[in-house]
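Colleague: Everything below, folded, please.
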Amino acid sequence: MLFLLALCGAGVGFMVSSISNNINQNSIIATAIIMPILAFTGLVVNLETMPKWWGWIQYFSPSRFAFNGICIDQWDKPPFKQVYTDTLGFGTTLTYWDCAASMIALAIFFRVCGLVALSTKIKKF
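Modeller: Next up, the predicted model:
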């Protein structure tokens with residue numbers, strides 16, 4: 001999970017660096033992209049209490065899938081399953097492999113967005 005999270009982070013870095021023109025823009029754009037990704041992970045704010053029209057942002061957060069995957073790996077075995085699902089409130093329909101596949105898809109998505117942004121900046125690609 002951590003390796004896939006690193007791949008997603010590199011993809012976000014590629015995307016941001018291909019969008020920006022200089023290092024100052026890079027810092028601003030990276031902050032504007034990474035802060036919502038971290039805010040909608042579920043670590044800072046409970047996703048159940050957020051307005052429903054903001055719910056789609058959580059699916060672009062690789063940190064959310066990494067956190068869920070690691071929690072599933074660690075807590076989804078008896079006798080901890082009861083603590084994981086009921087007490088901590090992490091009842092999720094995702095499996096470990098769903099989280100891994102989602103992170104792979106996000107890593108590819110961020111890289112494709114970076115490639116599209118780069119190809120629009122370069123006339124002859």
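Colleague: what's the weakest-modelled helix or strand in the chain?
Modeller: The weakest-scoring helix or strand in the chain, judged by mean pLDDT, DSSP states H and E, is helix 81-82 (a mean of 66).
Colleague: Pull out the buried residues from the helix or strand following that one.
Modeller: On the C-terminal side of helix 81-82, the closest following helix or strand by DSSP states H and E is helix 96-121. For helix 96-121, the neighbour count (16 or more other C-beta atoms under 10 Å) marks Cys99, Ala100, Ser102, Met103, Leu106, Ala107, Phe110, Arg111, Cys113, Gly114, Ala117 as buried. Every C-beta, even on glycine, is put in place using the N, C-alpha and C of the backbone.
Colleague: Can you tell me the centre-most residue of the protein?
Modeller: Pro62 (1.7 Å; C-alpha atoms, centre = their mean).
Colleague: State the distance from that residue to Ile34.
Modeller: Look at Pro62 and Ile34: by C-beta to C-beta, to the nearest Å, they are 11 Å apart.
Colleague: Asn68 and Ser18: what is the separation?
Modeller: 29 Å.
Colleague: Check Pro78 too.
Modeller: Counting by C-beta to C-beta, the separation of Pro78 from Ser18 is 47 Å.
Colleague: ok, now Ala10?
Modeller: As judged by C-beta to C-beta, Ala10 and Ser18 stand 13 Å apart.
Colleague: more crowded one of these two?
Modeller: Ser18 (19 against 14; other C-beta atoms under 10 Å).
Colleague: helices or strands up against the helix or strand harbouring that one?
Modeller: Assigned by DSSP H and E, Ser18 falls within helix 2-19. Other helices and strands packing on helix 2-19, by 3 or more C-beta pairs under 8 Å, 6 or more residues apart in numbering; DSSP states H and E, are helix 23-39, helix 62-75, helix 96-121.
Colleague: Quick one: mean pLDDT for that helix?
Modeller: Regarding helix 2-19, the rounded mean pLDDT is 92.
Colleague: And stretch 99-118, by the same measure?
Modeller: Computed over stretch 99-118, the mean pLDDT rounds to 94.
Colleague: Please state the offset of that stretch from the chain centre?
Modeller: A distance of 10 Å separates the centroid of the chain from that of stretch 99-118, by C-alpha atoms, centre = their mean, to the nearest Å.
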